[in-house]
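**Q** Okay, here's the prediction I keep looking at, along with the sequence it came from:
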Amino acid sequence: MNRNDKRLVIENIDIFNYYKERLINLALSQFEWHFTDDEINKTFDRRYFERCLLFNGTAALLQPRGTEFWLSLGYVIKGKFNAYGWPAKIDGITFNGKQIKTDNFEICYDNMTYTTLLPKINLYAKLLYEIHQVFRSNLQQQITPYLIATNKKKALSMKNFMNRIAGFDPVIYYKQGEDLKDVITTLDTRVDFRGNEMLQALKAQWAEALSMLGITAETAKKERMIEGELVLNRQEDILSLNSRLLNRIDFCNRLKRNYGIECTVNVTSQDLEFKPFGGDYAMQALNATGADEGEATSRENREDNNNE
């Protein structure tokens, strides 16, 4: 593999990881925790607990055997399951792999399926990466390369000539009597620019990825949706969010019932307020996404007719 091939591989990995890490960071930042017991607040690591939930699908709050404090850790199952498929015995496991014996613990699952969301995040990151690459490829194909017929004597002059073109020099002088059309030609790739379509596809795919996490995104199509469609989209996002939130609330309820530990979990920075269709909001969305000329003309005609 040559140096250029290695550079392309690194760029591709960087683009995939960009979308993957964005989704992971959003998923890890969705919930905030609070315990009424200040000592548990000190030993409960929210970030590590949420990382275990996201990457493993489950985590536990446990009391190491022979101690009074509680830790938020991943775990390994020891022994049998109860009638509902919950582990009857576990050992906590730290980040560096040390196992912690415990008799008092409560398990939390990330979602209703008791699975990790990481494969879904990888899937959406791959789809976003692919659309991103199609956009980049289409953009690069808009370049119309110059073909220059020259020789060793004129090579330097032609190179300087092209550098001045690339530098947006408004005036370029050349030797009288030379016909540049015989020297310089362009290669027409004849590839239509589809960048706007790709950007809209990227936004739509990003919105679908956020919906998987229970986050409602503002998409280009919303100003064209009827109110019922917007409500259905919002309901789907809320149900996805509740799949994760309700498991955490159930975890808090079991902690209080079994150990007298009170905790609350809330959604962080989630704007779940329904924004009505139309008005300034719709116009801002339309302007942000760039309506095509036909739509703009049609809108102007309707406004003129209303004014008449």
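**A** Nice, thanks for sending it over. Numbers count the residues shown, from 1 in each chain.

**Q** Would you mind listing where the chain has pLDDT under the threshold?
**A** The chain contains residues with pLDDT under 70 at 144-146, 177-190, 218-234, 269-308.

**Q** hey, which helix is longest across it?
**A** Ranked by residue count, the top helix of the chain under DSSP state H comes out as helix 227-259.

**Q** which SSE is the nearest residue to residue 131 once chain neighbours are set aside in?
**A** Closest residue in space to residue 131, ignoring its immediate chain neighbours: residue 202 at 4.8 Å, by Cβ to Cβ, 6 or more residues apart in numbering. Backbone N, C-alpha and C define where each C-beta goes, glycine included. Following DSSP states H and E, the helix or strand that holds residue 202 is helix 195-213.

**Q** before we move on, what about residue 174?
**A** Counting by DSSP H and E, there is no helix or strand that carries residue 174.

**Q** Phi and psi next, for it.
**A** phi -140, psi 170 (degrees, to the nearest 10).

**Q** Can you verify my assumption that residue 264 contacts residue 245?
**A** No: in this structure, residue 264 sits apart from residue 245 without contact. The criterion is Cβ atoms under 8 Å, and the distance is 11.6 Å.

**Q** higher neighbour count, the two?
**A** Per other Cβ atoms under 10 Å, whichever of residue 264 and residue 245 has more neighbours is residue 245, with 19 against 12.

**Q** and the more buried one, what does it touch?
**A** By Cβ atoms under 8 Å, 6 or more residues apart in numbering, the contact set of residue 245 is 31, 214, 265, 267.

**Q** And the helix or strand where residue 49 lies, what does it pack against?
**A** Per DSSP H and E, residue 49 falls inside helix 46-56. Where contact means 3 or more Cβ pairs under 8 Å, 6 or more residues apart in numbering; DSSP states H and E, helix 46-56 is packed against helix 3-28, strand 31-35, strand 58-64, strand 71-77, strand 99-109.

**Q** could you say what helices and strands the first one packs with?
**A** The elements that helix 3-28 packs onto, with contact taken as 3+ Cβ pairs under 8 Å, 6+ apart, are helix 46-56, helix 118-140, helix 195-213.

**Q** now those in TSV, with distance to residue 65 and mean neighbour count?
**A** Formatted as TSV, the entries for the helices and strands packed on helix 3-28 read as follows, by distance: least, Cβ to Cβ, whole Å; neighbours: other Cβ atoms under 10 Å:
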stretch	distance to residue 65	mean neighbour count
helix 46-56	20	18
helix 118-140	31	16
helix 195-213	36	17
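
**Q** want to throw these into CSV with distance to residue 170?
**A** Rendered in CSV, the data for these read as follows (distance: least, Cβ to Cβ, whole Å):
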stretch, distance to residue 170
helix 46-56, 56
helix 118-140, 26
helix 195-213, 28
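
**Q** if we can go back for a sec, ok, which of the helices and strands packed on helix 46-56 comes nearest residue 123?
**A** Residue 123 lies closest to helix 3-28 among these, at 10.1 Å (Cβ to Cβ).

**Q** Can you give me the buried ones in that closest one?
**A** Along helix 3-28, these residues count as buried under the neighbour rule (16 or more other Cβ atoms under 10 Å): 15-16, 19-20, 22-24, 27.

**Q** and the direction of that helix versus that of helix 118-140, what angle?
**A** Computed with axes from the mean of the first three to the mean of the last three Cα atoms, to 10 degrees, the direction of helix 3-28 lies at 130 degrees from that of helix 118-140.

**Q** Pull the distance from helix 3-28 to the chain's centre.
**A** Put simply, helix 3-28 sits 12 Å off its chain's centre (Cα atoms, centre = their mean, to the nearest Å).

**Q** swap in stretch 244-251?
**A** Using Cα atoms, centre = their mean, the offset of stretch 244-251 from its chain centre is 23 Å.

**Q** now stretch 37-46
**A** Worked out by Cα atoms, centre = their mean, stretch 37-46 lies 30 Å from the chain centre.

**Q** same question, stretch 237-254
**A** Averaged C-alpha coordinates place stretch 237-254 at 21 Å from its chain's average position (Cα atoms, centre = their mean).

**Q** Also stretch 97-112?
**A** Computed by Cα atoms, centre = their mean, the separation of stretch 97-112 from the middle of its chain amounts to 29 Å.

**Q** Name the residues of it that come out as buried.
**A** 100, 102, 105-111.

**Q** between those residues, which is nearest residue 81?
**A** Distances from residue 81 to the buried residues of stretch 97-112, taken as Cβ to Cβ, are shortest for residue 107 (11.1 Å).

**Q** where's residue 137 relative to residue 191, distance?
**A** Computed with Cβ to Cβ, to the nearest Å, the distance linking residue 137 and residue 191 is 9 Å.

**Q** one step back: just send the buried residues of stretch 97-112 back as JSON lines, with distance to residue 252 too.
**A** Putting these into JSON lines (distance: Cβ to Cβ, whole Å) gives the following:
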{"residue": "100", "distance to residue 252": "22"}
{"residue": "102", "distance to residue 252": "19"}
{"residue": "105", "distance to residue 252": "14"}
{"residue": "106", "distance to residue 252": "9"}
{"residue": "107", "distance to residue 252": "13"}
{"residue": "108", "distance to residue 252": "9"}
{"residue": "109", "distance to residue 252": "13"}
{"residue": "110", "distance to residue 252": "15"}
{"residue": "111", "distance to residue 252": "16"}
